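> no sequence on this one, just coordinates:
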């Protein structure tokens with residue numbers, strides 16, 4: 001995204017790529033008392049994190065008028081995604097569309113600024129807490145990390161450390177090869193955001209013949225997700241109460257594609273040696289990484305694998321949610337009620353015939 005997060009000037013045409021609202025602008029400190037700020041915090045974590053909210057809202061409203069004459073399919077893929085995010089945003093906040101369409105342009109920009117403050121504030125908070133928390137997940141509990149890493153200084157992380165380097169090593173490269181390690185450490189081998197690291201895979205094992213196997217199912221990702229969405233204490237054990245957790249506060253009962261991409265991006269940054277989360281950081285290339293994960297999760301050709309993946313995540317994070325599709329215990333009162341209802345329905349259908 002080329003514009004400032006708080007730049008009031010909308011792009012001349014919502015069809016243009018250069019003014020995409022789905023690119024991150026500079027951070028601003030959040031004011032957590034406003035409901036729009038609070039909503040921006042959750043929306044950024046669960047739907048789309050790296051967003052220019054003023055541009056998203058102004059462009060979305062203009063596009064609603066344009067769509068009266070031309071279908072959304074006529075727009076480029078990035079604009080179609082931007083419009084989906086816009087629709088999700090206005091649907092998730094009752095009365096928002098009416099407020100935006102009834103107000104002046106500066107009102108729309110103000111609403112976007114407040115939501116942007118929330119999203120960037122949440123991102124900053126999570127970046128800060130994960131920086132130290134992730135050190136607890138690098139080695140099995142009770143084992144020392146050798147050499148130790150500082151909780152506050154990140155310069156020794158990334159490819160400068162044996163453990164974090166192995167986790168960040170792009171799938172397909174051999175971290176055990178000394179030449180590979182040195183090339184990554186020196187920067188001679190540049191790692192793009194779409195070169196996914198080993199920590200995304202279950203057991204940190206990548207099979208080039210089955211690239212979907214274990215993808216986005218690592219325990220480190222689960223720990224990161226619980227830390228942000230349920231509670232830091234739930235990482236080590238099932239929480240007795242999570243009423244203070246972000247998921248509970250916002251009625252979140254299933255894992256979303258956006259939240260999974262968000263946590264993967266945050267964990268990757270926490271493992272890196274970079275000290276500041278920035279869209280201009282070409283070393284971590286976080287924005288490209290985030291978009292590449294979302295591209296896969298939203299690809300209609302991958303719907304079977306993605307559906308299975310999201311169901312797996314919801315079972316892990318929200319085991320008591322109806323979205324987890326939990327099975328009914330045999331011979332329980334509930335199973336008998338269901339059986340009786342099914343029998344009555346079948347008898348009624350037979351009599352109707």
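It's in. Keep in mind it's a predicted model, so treat the numbers as computed, not measured. Residues are numbered from 1 along each chain as shown.

> so, low pLDDT: which residues of the stretch 151-300 of the chain?
Along the stretch 151-300 of the chain, the model assigns pLDDT under 70 to residues 237-244.

> at 80 instead, please
For the stretch 151-300 of the chain, the stretches flagged by pLDDT under 80 are 236-244, 248-249, 279-282.

> name the element residue 87 belongs to?
Taking DSSP states H and E as the criterion, residue 87 maps to helix 77-92.

> neighbouring contacts of the very next helix or strand once past that helix?
Next along the chain after helix 77-92, taking DSSP H and E as the criterion, comes helix 96-102. By Cβ atoms under 8 Å, 6 or more residues apart in numbering, the list of residues contacting helix 96-102 from outside reads 57, 61, 89-90, 107-108, 111. C-beta: built from backbone N, CA, C; applies to glycine.

> one more pass at 7 Å, please.
The set of residues external to helix 96-102 that reach it, using Cβ atoms under 7 Å, 6 or more residues apart in numbering, is 57, 61, 90, 108, 111.

> okay, buried residues for that helix please.
96-97, 100 (16 or more other Cβ atoms under 10 Å).

> so where do the helices sit in the stretch 251-353 of the chain?
Under the criterion DSSP state H, counting those that start in this stretch, the stretch 251-353 of the chain contains helices at 257-271, 286-297, 303-317, 333-352.

> residue 111 touches residue 34, doesn't it?
No. In this structure, residue 111 is not within contact of residue 34 by Cβ atoms under 7 Å, at 10.1 Å.

> between the two, which one's more packed in?
A side-by-side neighbour count of residue 111 and residue 34, using other Cβ atoms under 10 Å, places residue 111 first with 20 against 14.

> name the element that one belongs to?
helix 105-133.

> span of stretch 196-213 from start to end?
14 Å (Cα to Cα, to the nearest Å).

> let me redo that: stretch 81-100
Span of stretch 81-100 from end to end, Cα to Cα: 20 Å.

> from the middle of its chain, how far away would that stretch be?
19 Å (Cα atoms, centre = their mean, to the nearest Å).

> next, the buried residues of that stretch.
Within stretch 81-100, judged by 16+ other Cβ under 10 Å, the buried ones are 81-83, 85-86, 88-90, 93, 96-97, 100.

> next: stretch 160-172.
Across stretch 160-172, burial judged by 16+ other Cβ under 10 Å covers 161, 163-171.

> right, and the helix or strand after the helix holding residue 111?
Per DSSP H and E, helix 105-133 leads on to helix 162-168 as the next helix or strand towards the C-terminus.

> after that following helix comes which helix or strand?
Sequence-wise, the next helix or strand downstream of helix 162-168 (DSSP H and E) is helix 178-186.

> who's in contact with residue 169?
Residues in contact with residue 169 (Cβ under 7 Å, 6+ apart) are 175, 184, 197-198.

> oh, I was asking about residue 210
Taking Cβ under 7 Å, 6+ apart, one finds nothing in contact with residue 210.

> now swap in the one 4 residues further on and tell me
Shown in contact with residue 214 (Cβ under 7 Å, 6+ apart): 201-203, 205.

> same thing but 6 Å
Contact partners of residue 214, counting by Cβ atoms under 6 Å, 6 or more residues apart in numbering, are 201-202.

> from residue 341, how far out is the nearest residue to residue 92 once chain neighbours are set aside?
Leaving aside its sequence neighbours, residue 92 sits nearest to residue 43 (Cβ to Cβ, 6 or more residues apart in numbering; 6.4 Å). From residue 43 across to residue 341, the span is 39 Å (Cβ to Cβ, to the nearest Å).

> these two: who's more crowded?
residue 43 (25 against 10).

> that one in helix, strand or coil?
Secondary structure, DSSP: H, G, I helix; E, B strand; the rest coil: residue 43 is helix.

> sorry, back to before: so which of the contacts of residue 169 is the most crowded?
residue 197 (25 neighbours).

> for residue 347, see how far away that residue is.
From residue 197 across to residue 347, the span is 57 Å (Cβ to Cβ).

> got it, and residue 71?
48 Å.

> higher neighbour count, the two?
Using other Cβ under 10 Å, the more surrounded residue of residue 71 and residue 347 is residue 347, with 10 against 7.

> ok, now which ones touch residue 197?
Residue 197 makes contacts with residue 168, as judged by Cβ under 6 Å, 6+ apart.

> then residue 218?
Residue 218 neighbours (Cβ under 6 Å, 6+ apart): 199, 201-202.

> then residue 224?
Contacts of residue 224 by Cβ under 6 Å, 6+ apart are 263, 267.

> try 8 Å this time
Taking Cβ under 8 Å, 6+ apart, we find residue 224 in contact with 130, 134, 137, 263, 266-267, 270.

> kindly reformat these as JSON lines containing neighbour count and distance to residue 149.
As requested, the contacts of residue 224 are exported to JSON lines (neighbours: other Cβ atoms under 10 Å; distance: Cβ to Cβ, whole Å):
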{"residue": "130", "neighbour count": "22", "distance to residue 149": "13"}
{"residue": "134", "neighbour count": "23", "distance to residue 149": "9"}
{"residue": "137", "neighbour count": "23", "distance to residue 149": "12"}
{"residue": "263", "neighbour count": "28", "distance to residue 149": "20"}
{"residue": "266", "neighbour count": "27", "distance to residue 149": "17"}
{"residue": "267", "neighbour count": "26", "distance to residue 149": "15"}
{"residue": "270", "neighbour count": "25", "distance to residue 149": "11"}
